[in-house]
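1. predicted model, plus sequence, below.
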Amino acid sequence: MSFRIATLLLAFVAAATDGAPSLGDEALPPAIQNAVAQLAPQRPGVIDLYALIVAGDGEGDVFRREADAVRQVLDERLGAKGRSLALVNHRSAPRPEATLKSIELVLNAVAQRMDVAEDILFLHLTSHGAANHVLVLKHPAGELYGVSPQYLRTLLDRSGVRHRVLVISGCYTGGFIPQLATVDTMILTAANSVRQSYGCGNDSEITEYSRALYLKALQRTRSLREAAGIAVQLVHENERASKTEHSYPQVRSGLAIEERLRLFERQFRGY
């Protein structure tokens, strides 16, 4: 690990109160190694979508269920089948899959498989979010560092991936936007930087924002740009109807990724 990343980690990622948190194992779990090896190669002249779904908190079931649902929608609606994989923490597994190290390793591996100048990386992160804008990574096997905006930006930049769509489903996740925003990046968050989001209880099938985006908006359109707007509207309507404090989902999109997504969406005409 470079000195820069280590410094960012110490400066920005929340530490546990007892003991030293972990970055995760230096090698990917065998099942993830196999999934990475089986990723379909990029197709010259075609804008392929490569998707990584990360479910951070493994103490309950909602984030694992969300990861399954999101991957299925991306495979079926946005052509990611064969080019998607998930890192899922769950208490039933002996070791965590989703750690800072595994995210780094998978991002680098995906970047080597895709054409970073042509294809799009779709990264979905779902977990509990903290007011200090760190997304929780948790597993019973041991304490883990969470994902901070600065650390994630460093991993993405080091991977070399240019075209990025980032969906961050958790409380206070609007706080990720300032560090992650680029002309080549679309960022969708479940809340603004000071509000909570909803649906992360263990009895939920999927978080409320992800329900709006994947199970409703992306069933109406294959345009991520349109789906982002629909999801915000649906969340506002649901929160108003239930008299819940608004979470204010955020959308930030650069000009270059907007044009890349237009070209990507043209590939679905006639479906």
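-> Cool, got the structure.

2. how about the helices of the protein, start to end?
-> For the chain, applying DSSP state H gives helices covering 3-12, 30-37, 62-77, 100-113, 149-159, 177-180, 208-210, 218-220, 224-241, 255-266.

3. pick the most deeply packed of those.
-> Mean neighbours per residue, mean count of other CB atoms under 10 Å, is largest over the helices of the chain for helix 208-210, with a mean of 26. Where C-beta positions appear, they are placed from N, C-alpha and C, glycine not excepted.

4. tell me what that one is packed against?
-> helix 62-77, strand 163-169, helix 224-241 (3 or more CB pairs under 8 Å, 6 or more residues apart in numbering; DSSP states H and E).

5. now with 10 Å?
-> If contacts are counted by 3 or more CB pairs under 10 Å, 6 or more residues apart in numbering; DSSP states H and E, helix 208-210 sits against helix 62-77, strand 120-126, strand 163-169, strand 185-189, helix 224-241.

6. run the chain-centre distance for that helix.
-> 13 Å (CA atoms, centre = their mean, to the nearest Å).

7. follow-up on the earlier one: could I get the helices of the chain in a markdown table, plus columns for mean pLDDT?
-> As requested, those are exported to a markdown table (pLDDT from 0 to 100):
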| stretch | mean pLDDT |
| --- | --- |
| helix 3-12 | 46 |
| helix 30-37 | 96 |
| helix 62-77 | 97 |
| helix 100-113 | 97 |
| helix 149-159 | 97 |
| helix 177-180 | 98 |
| helix 208-210 | 97 |
| helix 218-220 | 97 |
| helix 224-241 | 97 |
| helix 255-266 | 97 |
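
8. mind checking which of those is nearest residue 193?
-> helix 177-180 (7.6 Å; CB to CB).

9. picking that back up, need the helices of the chain in CSV (columns: distance to residue 49).
-> Listed next are the helices of the chain as CSV, based on distance: least, CB to CB, whole Å:
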stretch, distance to residue 49
helix 3-12, 27
helix 30-37, 16
helix 62-77, 7
helix 100-113, 11
helix 149-159, 16
helix 177-180, 18
helix 208-210, 17
helix 218-220, 12
helix 224-241, 9
helix 255-266, 7
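
10. for residue 166, find the nearest of the ones you listed.
-> So among these, helix 177-180 is nearest, using CB to CB, at 6.1 Å.

11. so what touches that closest one?
-> Identification of contacts with helix 177-180 by CB atoms under 10 Å, 6 or more residues apart in numbering yields 12, 123, 133, 148-154, 156, 164, 166, 168, 185, 187-189, 192-193, 250-252.

12. can you give me how far it is from the chain middle?
-> 14 Å.

13. was I right to think residue 230 contacts residue 214?
-> No. Using CB atoms under 10 Å as the test, residue 230 is too far from residue 214 to be in contact (11.2 Å).

14. coming back round to it: could you dump the helices and strands packed on helix 208-210 into a markdown table with distance to residue 44 added?
-> Listed next are those as a markdown table, based on distance: least, CB to CB, whole Å:
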| stretch | distance to residue 44 |
| --- | --- |
| helix 62-77 | 22 |
| strand 120-126 | 15 |
| strand 163-169 | 16 |
| strand 185-189 | 24 |
| helix 224-241 | 23 |
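
15. which one, of these, ends up nearest to residue 84?
-> Nearest of the helices and strands packed on helix 208-210 (CB to CB): helix 62-77, 5.3 Å.

16. can you name every helix or strand that that closest one contacts?
-> Short answer (3+ CB pairs under 10 Å, 6+ apart): helix 62-77 packs on strand 49-55, strand 84-88, strand 120-126, strand 163-169, helix 208-210, helix 218-220.

17. export it as CSV, just CAs?
-> Extracted in CSV, the C-alpha atoms of helix 62-77 (Å, rounded to 0.1, in the frame of the first residue of the first chain):
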residue,chain,number,x,y,z
VAL,A,62,-31.0,-6.5,4.2
PHE,A,63,-27.7,-5.6,2.5
ARG,A,64,-27.2,-9.1,1.2
ARG,A,65,-30.7,-9.1,-0.2
GLU,A,66,-30.1,-5.7,-1.8
ALA,A,67,-26.9,-6.9,-3.4
ASP,A,68,-28.7,-9.8,-5.0
ALA,A,69,-31.5,-7.6,-6.2
VAL,A,70,-29.3,-4.9,-7.6
ARG,A,71,-27.1,-7.4,-9.5
GLN,A,72,-30.1,-9.0,-11.0
VAL,A,73,-31.5,-5.7,-12.3
LEU,A,74,-28.1,-4.6,-13.7
ASP,A,75,-27.7,-7.9,-15.4
GLU,A,76,-31.2,-7.9,-16.9
ARG,A,77,-31.8,-4.2,-17.6
